[in-house]
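A.B. asks: give me the fold of what follows.
(2 chains)
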Amino acid sequence: DAKTTQPTSMDCAEGRAANLPCNHSTISGNEYVYWYRQIHSQGPQYIIHGLKNNETNEMASLIITEDRKSSTLILPHATLRDTAVYYCIVRGNTPLVFGKGTRLSVIA
Amino acid sequence: EAQVTQNPRYLITVTGKKLTVTCSQNMNHEYMSWYRQDPGLGLRQIYYSMNVEVTDKGDVPEGYKVSRKEKRNFPLILESPSPNQTSLYFCASRLQGAGEKLFFGSGTQLSVL
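C.D. replies: As a prediction, the model looks like this:
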């Protein structure tokens, strides 16, 4: 079973920051938080991952709370192309288990 | 270019006719995996392989076979396809380790009539 809880859907205005929350209250000390997204029926695309510290790359920022029980994915300037299903996954050295994700709609 | 390549992209077949979906990666990844995606059910893992000659069942292995004779290839075999195996299939690979990201192929849309 997926170990994360995400809102089913969210809307975001184009050009604004999209903040996608994820709860993972049962996360273990050796488990990473991963974010992937899937645009329509394409293969899921890796976005970012982290263990304890906040992370940033060219696509997004990942903010992990100090107790590691929740995190937020931030797309700083959302575009229409960011419309997708976003999956938050926690994983140690085990297979990746996908939940239902959050359907993000970026609106012009 | 680093990638996971699946073939074919689309496949229509009939019940009972054996088929193979190929998957190849050029990143020297130890770990490879197959997922299927169905509306309302999300992505579910079929089989995975931690390395050559090592395979394990995922959440929905019934009706599927896999083999891992070479590091780069991980074919998915349907010995006797049935209509309930109509689905979108994805192959994925990564390096071993908890902090390694998974790379996905473009998918294979299979229809079993």
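
A.B. asks: wait, what's in contact with the residue nearest to the spatial centre of chain B?
C.D. replies: Residue closest to the mean C-alpha point of chain B, counted by CA atoms, centre = their mean, is B:Trp34 at 2.9 Å. Neighbouring residues of B:Trp34 by CB atoms under 8 Å, 6 or more residues apart in numbering or on different chains: B:23, B:45-48, B:58, B:64, B:66, B:74, B:76, B:89-92. Where you see a C-beta, it was placed from the backbone N, CA and C, and this is true even at glycine.

A.B. asks: of these, which fall within the contact range of chain A?
C.D. replies: When contact is defined as CB under 8 Å from any CB of the partner chain, the contacts of B:Trp34 meet chain A at B:Gln45, B:Tyr48, B:Gly58, B:Phe90, B:Ala92.

A.B. asks: if we can go back for a sec, same list, the contacts of B:Trp34, but as TSV with distance to A:Thr4 and pLDDT please.
C.D. replies: Output for the contacts of B:Trp34, formatted as TSV (distance: CB to CB, whole Å; pLDDT from 0 to 100):
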residue	distance to A:Thr4	pLDDT
B:Cys23	27	98
B:Gln45	16	94
B:Ile46	21	97
B:Tyr47	23	97
B:Tyr48	20	95
B:Gly58	18	94
B:Tyr64	26	98
B:Val66	27	98
B:Phe74	27	98
B:Leu76	27	98
B:Tyr89	24	98
B:Phe90	20	98
B:Cys91	23	98
B:Ala92	19	96
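
A.B. asks: list the ones among those that fall in strands.
C.D. replies: Those of the contacts of B:Trp34 mapping onto strands are B:Cys23, B:Gln45, B:Ile46, B:Tyr47, B:Tyr48, B:Val66, B:Leu76, B:Tyr89, B:Phe90, B:Cys91, B:Ala92, per DSSP state E.
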